[in-house]
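Asker: any chance you could fold what I've pasted below:
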Amino acid sequence: MSDLFPEDLPASRPTDEPGADRPLADRLRPKSLDEVIGQTHIIGPDGTLRRMLASGRLGSLILWGPPGTGKTTVARLLADAVDYRFEQISAIFSGVADLKKVFETARTARRAGQRTLLFVDEIHRFNRAQQDSFLPVMEDGTVVLVGATTENPSFELNAALLSRAQVLKFTSLDRDDLDALAKRAEEELGKALPLDDDARQTLIGLADGDGRAMLGLIEEIIAATGPDEILDPAGLAKLVQRRAPIYDKSQDGHYNLISALHKTVRGSDPDAALYYFARMIDAGEDPMYLARRLIRMAVEDIGMADPQALPIATAAKDAYHMLGSPEGELALAEVVVYLATAPKSNALYNAYNRALALAKKTGSPTPPMAILNAPTKLMKSEGYGEGYIYDHDTPEGFSGQEYFPEKIGRQDFYQPVERGFERDIKKRMDYFAKLRAAKRDS
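Answerer: Residues are numbered from 1 along each chain as shown. From the prediction side, this is the model:
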């Protein structure tokens with residue numbers, strides 16, 4: 001429950017008061033940077049924007065971060081702080097003709113002594129040519145560009161545009177930020193939220209770091225509850241539809257989480273690996289994509305340190321096909337834990353890459369004649385297969401012959417580590433090396 005008790009709150013706003021029917025997010029829009037919740041690394045006392053404003057200079061910016069973190073609000077407040085015109089367009093609804101009009105209006109305003117802050121929402125939606133159109137007006141001072149994007153600017157924006165703007169990364173609001181926002185909403189509404197303590201925490205979780213979504217959920221709750229009704233988590237779940245996590249299977253959310261899953265498996269942390277696996281399943285990721293990535297982890301990060309990792313990962317993929325969802329996800333979760341707790345080695349991965357690099361570099365040298373088959377008399381007369389030693393006929397089951405092409409010479413690609421099953425492999429390889437040296441010297 002909020003620490004703002006009913007007797008501490010102002011009286012409820014009359015329903016006929018001007019602005020009472022405005023969305024809560026609009027009514028609570030901060031009027032200064034000091035009122036913005038979150039992003040202290042940017043707008044706090046030592047934040048980037050504070051230092052920029054203190055210097056008396058405002059340069060072009062790219063505000064990168066998830067929805068509902070204050071990008072539009074901060075852009076508006078920046079214009080107020082430096083007394084610039086604020087012009088806003090959306091890349092979704094604007095084209096070249098719209099940009100030309102905006103630029104011409106900004107030029108007119110500049111001739112009248114008024115600078116323009118041009119805020120472009122979803123700037124990554126503009127194509128490369130449209131992005132290039134900003135460069136001249138940024139360079140000659142016609143506009144200070146502030147673009148907002150939810151996508152990684154490194155991949156979505158022109159290098160030329162990025163070189164002329166500073167990228168500021170906005171982060172999702174944390175639980176304390178969202179709780180502060182809920183308290184601010186209670187002050188505005190003149191009453192405490194009809195939630196018990198657990199339901200209040202559930203609400204914060206449902207917002208998933210998005211302040212705008214948080215206020216939208218609060219409006220739903222206020223509109224649907226009676227005067228004396230207090231909701232518990234179950235009651236809240238029935239009332240509001242669960243928000244989908246911030247996740248786009250073709251964009252940053254997808255790549256961030258699969259990277260986190262892979263690195264936690266590699267780092268032998270089964271609990272963290274299960275968490276990121278569950279995050280991706282919960283967000284609607286294709287389980288077959290995860291199955292393929294788990295197979296990749298088995299061969300890349302475990303390899304011969306535990307040769308069972310690959311068949312177990314492959315079996316989990318087959319198990320998912322047999323069981324379907326949701327039971328099949330448990331088979332994949334089992335593999336996540338198995339891989340995370342397995343001994344790790346990238347020796348096979350490195351060996352393959354070294355062998356591949358040499359194969360590309362050296363072309364097509366002929367293997368030693370001794371290990372080539374001689375299916376015809378002509379080939380036998382040419383020396384194919386001559387001098388081949390059948391390994392099983394030797395006392396050690398090891399002939400020690402040279403198998404690399406003479407042009408290349410002996411190579412050492414695979415270097416097993418002292419972990420897991422590769423310990424045993426290393427002992428065998430050391431034994432074979434001694435036998436090979438002894439036969440070569442005899």
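Asker: is Val299 in a helix, a strand, or coil?
Answerer: Under DSSP: H, G, I helix; E, B strand; the rest coil, Val299 falls in the helix class.
Asker: may I have the phi/psi pair for the residue nearest to it when sequence neighbours are not counted?
Answerer: Closest residue in space to Val299, ignoring its immediate chain neighbours: Leu310 at 5.8 Å, by Cβ to Cβ, 6 or more residues apart in numbering. No exception for glycine: its C-beta is placed from N, CA and C like everyone else's. Summarising the backbone geometry of Leu310 under the convention degrees, to the nearest 10, its torsions are phi -70, psi -50.
Asker: do I have it right that Leu310 meets Ile295?
Answerer: Yes. With contact defined as Cβ atoms under 8 Å, Leu310 counts as touching Ile295 (6.9 Å).
Asker: the two: which is more packed in?
Answerer: Counting neighbours by other Cβ atoms under 10 Å for Leu310 and for Ile295 shows that Ile295 has the greater number, 19 against 16.
Asker: look up how far Ile312 lies from that one.
Answerer: Distance, Ile295 to Ile312, by Cβ to Cβ, to the nearest Å: 10 Å.
Asker: likewise for Ala213?
Answerer: Remark: distance between Ala213 and Ile312 (Cβ to Cβ) = 40 Å.
Asker: now do Phe421
Answerer: Shown here: Phe421 relative to Ile312, a distance of 14 Å by Cβ to Cβ.
Asker: do Gly253 as well
Answerer: In this structure, Gly253 and Ile312 are separated by 28 Å, where distance is defined by Cβ to Cβ.
Asker: check Asp269 too.
Answerer: For Asp269, the distance to Ile312 (Cβ to Cβ) stands at 19 Å.
Asker: now do Asp301
Answerer: 14 Å.
Asker: which stretches of the stretch 51-200 of the chain form strands?
Answerer: 61-64, 85-90, 116-121, 144-149, 166-169 (DSSP state E, counting those that start in this stretch).
Asker: which other helices and strands does the second one contact?
Answerer: Right, strand 85-90. Using 3 or more Cβ pairs under 8 Å, 6 or more residues apart in numbering; DSSP states H and E as the contact criterion, the neighbours of strand 85-90 among helices and strands are helix 71-82, helix 96-111, strand 116-121.
Asker: average pLDDT across it?
Answerer: Taken as a whole, strand 85-90 has a mean pLDDT of 94.
Asker: CA atoms only: put that strand into PDB for me.
Answerer: The C-alpha atoms that make up strand 85-90 are tabulated as PDB, following Å, rounded to 0.1, in the frame of the first residue of the first chain:
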ATOM      1  CA  ARG A  85      11.000  26.600 -30.600                       C
ATOM      2  CA  PHE A  86       9.800  23.000 -30.200                       C
ATOM      3  CA  GLU A  87       8.800  21.300 -33.400                       C
ATOM      4  CA  GLN A  88       7.800  17.600 -33.400                       C
ATOM      5  CA  ILE A  89       7.300  15.100 -36.200                       C
ATOM      6  CA  SER A  90       7.000  11.400 -36.400                       C
END
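Asker: how about it, which residues are buried there?
Answerer: By neighbour count, and taking 16 or more other Cβ atoms under 10 Å as the criterion, the buried residues in strand 85-90 are 85, 87-89.
Asker: now the angle from it to strand 144-149?
Answerer: 30 degrees (axes from the mean of the first three to the mean of the last three Cα atoms, to 10 degrees).
Asker: quick one: contacts for Asp269?
Answerer: Contact criterion Cβ atoms under 8 Å, 6 or more residues apart in numbering gives Ala340 as the residues in contact with Asp269.
Asker: can you tell me how far it sits from Met297?
Answerer: Using Cβ to Cβ, which is the criterion applied here, Asp269 is 13 Å from Met297.
Asker: also Asn346?
Answerer: On the measure of Cβ to Cβ, Asn346 and Met297 end up 11 Å apart.
Asker: the more surrounded of those two?
Answerer: Taking other Cβ under 10 Å, Asn346 and Met297 do not tie; Met297 has more neighbours (24 against 16).
Asker: other residues contacting stretch 326-334?
Answerer: Contacts with stretch 326-334, where a contact means Cβ under 8 Å, 6+ apart, come from 274, 277-278, 281, 287, 290-291, 294, 315-317, 319-323.
Asker: thought His133 was touching Leu99?
Answerer: Careful, residue 133 is Ser and not His. Yes. Ser133 sits in contact with Leu99 when judged by Cβ under 8 Å, with a separation of 5.7 Å.
Asker: contact partners of stretch 382-391?
Answerer: Under the criterion Cβ under 8 Å, 6+ apart, residues 369-374, 379-380, 397-399, 401 lie in contact with stretch 382-391.
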